[in-house]
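A.B. asks: Provided below are the primary sequence and the corresponding predicted coordinates.
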Amino acid sequence: MLEIKDLWVSASGTMILKGINLVINDGETLAVMGPNGSGKSTLSYAIMGHPQYKVEKGEIIYNGVNLLEKTTDERSLLGIFLAMQQPYEISGVTNRDFIKQALDKRPTSDGKVQSVYKFAVKLEKAINDLHMEKDLADRYVNEDFSGGEKKKNEILQMKMLEPSLSILDEIDSGLDVDAVRVVSDNVNELKKKNNMSLLIISHYHRLYEYIKADKVVVIADGRIVKEGDASLIDYIDQYGYDQIKKDAGIEDEVELLETCAFKEAHNA
Ligand SMILES: Nc1ncnc2c1ncn2[C@@H]1O[C@H](COP(=O)(O)OP(=O)(O)OP(=O)(O)O)[C@@H](O)[C@H]1O
Ligand SMILES: [Mg+2]
């Protein structure tokens, strides 16, 4: 179970997340929605321990372990995986070596690392399942991959590492209609097999048609402004974030602050 309590996160001296509270139970899928720049990717980086994002206050607990005391690789070994919105390219390292190295840090039940043969068979199957080109296994990680190939490559890593919690940050952006379905099928399969928990960030209704959310939170300006079940996704689709902000009284608050600042500046 992931528990986030009163999380405040800054980057480059600016406060981005301002008191986030959420829980994801084992096997549960949480959809995190919100306008561009509201702090969704920042939340995923904070969970994973990205060095540019400073946790100013609050707690992130995973299965009773305080993640804030753990390095990013330790968080990964605890079973947390992040499929990034903009995956990095790693020149000089093949996909195959990259994934094998990561897997070798996770010894099997007999304490040994996975054999090269078993690894190769599993990798080939995963590439087939994702309808990826075979040669992608031996190309450098994400280098010269198309946008969609990069996104599928994140899911390839997820399939190989079999995390207990996956954070998928806009996994559907850049994927064509068929690829969204293929990726969703693969996510759902792993979820069923391992009771994997999911934190899904997406702007598009289509992804949530394939991967069902148990609960939904909406973040605006670094705060959770609305929570609900999957019907909230339809509500956002129909009315947009402006309506959500109005419901939460955000516009009024901003207007009030701006008015106060304006009056102060003009000694009114
Ligand atoms: N390293 C950083 N330094 C300074 N500001 C940052 C940094 N990272 C993010 N921000 C700012 O924090 C805010 C939240 O960014 P974030 O990437 O978390 O948004 P998001 O909700 O994921 O948006 P999108 O839907 O466009 O992906 C933005 O205003 C962004 O410019
Ligand atoms: Mg983002």
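C.D. replies: Noted; the coordinates are in hand. Ligands and ions are numbered 1, 2, ... in the order given.
A.B. asks: I figured Ile224 was touching Val216, is that so?
C.D. replies: No - at 10.4 Å, Ile224 does not count as touching Val216 under the criterion of Cβ atoms under 8 Å. (Glycine included, C-beta is placed from N, CA and C.)
A.B. asks: If you count surrounding residues, which of the two has more?
C.D. replies: Neighbour tally, Ile224 and Val216, criterion other Cβ atoms under 10 Å: the higher count belongs to Val216, 22 against 19.
A.B. asks: any idea where the strands of the stretch 1-150 of the chain begin and end?
C.D. replies: With strands called from DSSP state E, counting those that start in this stretch, the stretch 1-150 of the chain shows them at 2-11, 14-24, 29-33, 54-62, 65-66, 80-83, 90-94, 140-141.
A.B. asks: Can I get the ones you listed in CSV including mean pLDDT and mean neighbour count?
C.D. replies: Putting the strands of the stretch 1-150 of the chain into CSV (pLDDT from 0 to 100; neighbours: other Cβ atoms under 10 Å) gives the following:
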stretch, mean pLDDT, mean neighbour count
strand 2-11, 98, 18
strand 14-24, 97, 18
strand 29-33, 98, 23
strand 54-62, 98, 16
strand 65-66, 98, 12
strand 80-83, 98, 24
strand 90-94, 97, 12
strand 140-141, 97, 19
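A.B. asks: how about those, which one is nearest Leu198?
C.D. replies: With respect to Leu198, and counting by Cβ to Cβ, the nearest of these is strand 29-33 at 4.3 Å.
A.B. asks: for the closest one, packing partners?
C.D. replies: helix 40-48, strand 197-201, strand 215-220, helix 231-248 (3 or more Cβ pairs under 8 Å, 6 or more residues apart in numbering; DSSP states H and E).
A.B. asks: Go again with 7 Å.
C.D. replies: For strand 29-33, the packing partners by 3 or more Cβ pairs under 7 Å, 6 or more residues apart in numbering; DSSP states H and E come out as strand 197-201, strand 215-220.
A.B. asks: now the angle between strand 197-201 and that strand, please.
C.D. replies: Angle of strand 29-33 versus strand 197-201, following axes from the mean of the first three to the mean of the last three Cα atoms, to 10 degrees, is 20 degrees.
A.B. asks: For Ile127, give me its contacts.
C.D. replies: 134, 136-137, 156 (Cβ atoms under 7 Å, 6 or more residues apart in numbering).
A.B. asks: Quick one: classify the residue nearest to Gly147 when sequence neighbours are not counted as helix, strand or coil.
C.D. replies: Distance criterion Cβ to Cβ, 6 or more residues apart in numbering; nearest residue to Gly147, sequence neighbours excluded, is Gly174 at 3.4 Å. With DSSP: H, G, I helix; E, B strand; the rest coil as the basis, the three-state label of Gly174 is coil.
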